[in-house]
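K.L.:
mind looking at a prediction? Sequence and model below.
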Amino acid sequence: MEKLFAKLKEDQYKIPFMSAIVIGLITHLYMIVNKFPNMDSMSNFYFDQNMVTSGRWFLKYACGISSYYDLNLVNGLLAIVFLAISAVYVVLFFDVKRKPSMILISAVMVTFPAVAATMSYMYTVDGYMLGLLMAILAAYITKKHKFGFIFGAILLALSLGTYQTYMTATVLLCIFDIIFSLTENEDIYDVWNKGYKYLIMGLGGGVIYFVVLKIFLAVEHKKLDSYQGINEMETFNLAAMPERIAEVFHDFGAFMFKGRIFVNNFVTMVIMSIIVSVTLVSIFVLFGKNGAFKKWYNWLVLAICIALIPFGTNFMLLFTSGIDQNHLLMRMQWVFFIVAAIVTAERMIVAFESIKEKLVVAKTITVVLVGILCYNFFLMDNIAYFNLQQRYEKTYAYCVRLLDRIEQTEGYYQGMPICMVGEISKSSYPSTDLTKDITEKIKGTDGDWVIYKGAQYEEFMKNYLGASLNILEGDYVIDMYYSEEYSEMTSFPDKGSIKIVNGIMYIKTE
């Protein structure tokens, strides 16, 4: 314990950890102390997180630390603690030593809007952030220890078993580390050895993940779900590779230029333009200053690393089709581009130590620009939480009115089968989502309403209004939708929006 506390007093542990805790609490406190459901959380007040059919065989254990209840305070605080530890190991991985850089890395990691998107799924946020931590630790241990790739592979397998997309965080960290090794003009054999260890760690982690997944599926007598092409992970479709590689590059460009996360106003456009330009120039300046440009093989490795960056952002597209590429939950790895910019700025300052006094303006600009970017992320997160509250309030009021009409309809009785189309008519209600331009890409927090299908009405009214409804799904909805009786109905709240047909209550909300 004495050794542990001694370590925690060191700047590389203390500063990023405490910065992440403080900034994380300030950023996400609104969500942690309130209860704002999204479409999925309404049916997950208690969920054992057995997601083996989605390939997430370790999620049950990762989320078990906080129990299987949807506990905002516990889950939210654990998520921030895991993020804070992640920030520590990112600092250690890149050997960051300047205090402003440590604080900025922590700030950007806890404010990045992908965290807010994950927080909207509060019932699983702690497990996901633990999965991210294990992905970072996999890269860190592989780099820092001679046989670390063995333990790194195990950690990567656990991360994959929690949420597969966090493998991309590991991949990006490894790529950026090799790029920085090249700028430092490290011996090419050391660089190749490092790359080899990273490759073995990645392949080993993938093999362990699939072996354990097969065991879980066999023991539980289940098979992978077809949702978002998850079941395709069991087979390697070589013929589809050219198309999927093209899709990876398309996705990379689409999110970079249209993702509306890094750039969503004129100020952030200017900031990101400066950050990207300065970072690229700095990398090549470091490449030249340290003499790395004289060796042709350094240029070759650098080109390979740059070409692999798009794969690092969405590696899973190579193995599955149909992934919801718009979901920000799958974009947490993009935060490491800003981290790489911070690390590059620090290395430039160290490289030009002899004239560091003359670099005071450059150092200040870096801190200010990334600081403003983090503040913009902070605002985006809280605007997203604001919309979550507005959606809940509107949905609650809407469902109170709908439930009252259902119960007042002549012929209705408790347990009567109800058939409805869940999407609420946009023409019947004013659009009151004031945050669309900001939250439209932060999936889970966007839109006017929490509900969009019948099963969600059933869950919302059961959990928030204390009413039990017997909502039908599947073929019943299709038969109702194409029936003559339904086509003649008007949308709720009109009088003709609820009708009993052959013992089944039809409700038209679309």
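P.N.:
Ah, there it is.
K.L.:
tell me what the helix or strand harbouring Asp126 is packed against?
P.N.:
Here Asp126, judged by DSSP states H and E, is contained in helix 125-144. Contact analysis of helix 125-144 by 3 or more CB pairs under 8 Å, 6 or more residues apart in numbering; DSSP states H and E lists helix 59-64, helix 72-93, helix 113-119, helix 148-160, helix 167-183, helix 188-220 as its packing neighbours. In this view, the C-beta of every residue, glycine as well, is placed from N, C-alpha and C.
K.L.:
wait, what's in contact with Leu217?
P.N.:
When contacts are counted by CB atoms under 8 Å, 6 or more residues apart in numbering, Leu217 touches 52-53, 223-224.
K.L.:
now the helix holding Asp126 against helix 148-160, angle please.
P.N.:
If you take axes from the mean of the first three to the mean of the last three CA atoms, to 10 degrees, helix 125-144 sits at 160 degrees to helix 148-160.
K.L.:
how about helix 125-144: buried residues?
P.N.:
Neighbour-count burial for helix 125-144, counted by 16 or more other CB atoms under 10 Å, picks out 125-143.
K.L.:
of the contacts of Leu217, select the buried ones using a ChimeraX command.
P.N.:
For the buried members of the contacts of Leu217, the matching ChimeraX selection, counting by 16+ other CB under 10 Å, is:
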select :52,53,224
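K.L.:
any idea which of the contacts of Leu217 is closest to Thr165?
P.N.:
Set against Thr165, the nearest of those by CB to CB is Leu224 (15.9 Å).
K.L.:
ok, the closest one touching Met51?
P.N.:
No - with contacts defined as CB atoms under 8 Å, Leu224 does not count as touching Met51, sitting 10.7 Å away.
K.L.:
CA atoms only: put the helix holding Asp126 into CSV for me.
P.N.:
What follows is helix 125-144, C-alpha atoms only, in CSV (Å, rounded to 0.1, in the frame of the first residue of the first chain):
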residue,chain,number,x,y,z
VAL,A,125,-22.0,2.9,-19.1
ASP,A,126,-19.7,1.6,-16.3
GLY,A,127,-19.1,-1.7,-18.1
TYR,A,128,-18.3,0.1,-21.4
MET,A,129,-15.9,2.5,-19.8
LEU,A,130,-14.2,-0.5,-18.1
GLY,A,131,-13.9,-2.1,-21.6
LEU,A,132,-12.2,1.1,-22.9
LEU,A,133,-9.8,1.0,-19.9
MET,A,134,-8.8,-2.6,-20.7
ALA,A,135,-8.3,-1.7,-24.4
ILE,A,136,-5.9,1.1,-23.3
LEU,A,137,-4.1,-1.1,-20.8
ALA,A,138,-3.6,-3.8,-23.5
ALA,A,139,-1.5,-1.3,-25.5
TYR,A,140,0.3,0.1,-22.4
ILE,A,141,1.4,-3.3,-21.0
THR,A,142,2.5,-4.5,-24.4
LYS,A,143,4.7,-1.5,-24.9
LYS,A,144,6.1,-1.3,-21.4
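K.L.:
rewinding a little: between the helices and strands packed on helix 125-144, which one is closest to Asp40.
P.N.:
helix 113-119 (12.0 Å).
K.L.:
elements contacting that closest one?
P.N.:
Checking 3+ CB pairs under 8 Å, 6+ apart, helix 113-119 ends up next to helix 11-32, helix 72-93, helix 125-144, helix 360-408.
K.L.:
tell me the strands beside the following helix or strand past the last one, with direction?
P.N.:
On the C-terminal side of helix 360-408, the closest following helix or strand by DSSP H and E is strand 417-421. Note on strand 417-421: by DSSP bridges, its sheet partners are strand 470-471 (parallel), strand 504-508 (parallel).
K.L.:
okay, buried residues for strand 417-421 please.
P.N.:
418-421.
K.L.:
stretch 10-24 now?
P.N.:
Under 16+ other CB under 10 Å, the buried positions of stretch 10-24 are 12-13, 15-24.
K.L.:
kindly reformat these as TSV containing pLDDT.
P.N.:
Listed next are the buried residues of stretch 10-24 as TSV, based on pLDDT from 0 to 100:
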residue	pLDDT
Gln12	92
Tyr13	93
Ile15	95
Pro16	96
Phe17	96
Met18	96
Ser19	97
Ala20	97
Ile21	97
Val22	97
Ile23	98
Gly24	97
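K.L.:
tell me who's in contact with the closest residue to Gly152 other than its chain neighbours.
P.N.:
Excluding its sequence neighbours, the residue lying closest to Gly152 (CB to CB, 6 or more residues apart in numbering) is Thr142, at 3.6 Å. Applying CB under 8 Å, 6+ apart to Thr142 gives the contacts 148-149, 151-152, 174, 197-198, 201.
K.L.:
tell me the confidence at Thr142?
P.N.:
Thr142 is assigned a pLDDT of 97 by the prediction.
K.L.:
and Gln325, by the same measure?
P.N.:
At Gln325, pLDDT is 57.
K.L.:
same deal with Glu234?
P.N.:
61.
K.L.:
what of the one 3 residues further on?
P.N.:
Looking at Asn237, its pLDDT is 70.
K.L.:
and for it, the neighbour number?
P.N.:
13 (other CB atoms under 10 Å).
K.L.:
Asn44 against Tyr123, yeah?
P.N.:
Yes - in terms of CB under 8 Å, Asn44 counts as a neighbour of Tyr123; the distance is 4.5 Å.
K.L.:
okay, the helices and strands packed on helix 125-144, which one's buried deepest?
P.N.:
Mean neighbour count (mean count of other CB atoms under 10 Å) peaks for helix 113-119 among these, with a mean of 26.
K.L.:
domains of the protein?
P.N.:
10-351, 393-508 (automatic domain parsing).
K.L.:
show me the one of the ones you listed that comes nearest Asn382.
P.N.:
Here domain 10-351 is closest among those (CB to CB), at 5.8 Å.
K.L.:
now the end-to-end length of that closest one.
P.N.:
The separation between the terminal residues of domain 10-351, taken as CA to CA, to the nearest Å, is 24 Å.
K.L.:
confidence score at Tyr227?
P.N.:
Taking Tyr227 on its own, its pLDDT is 65.
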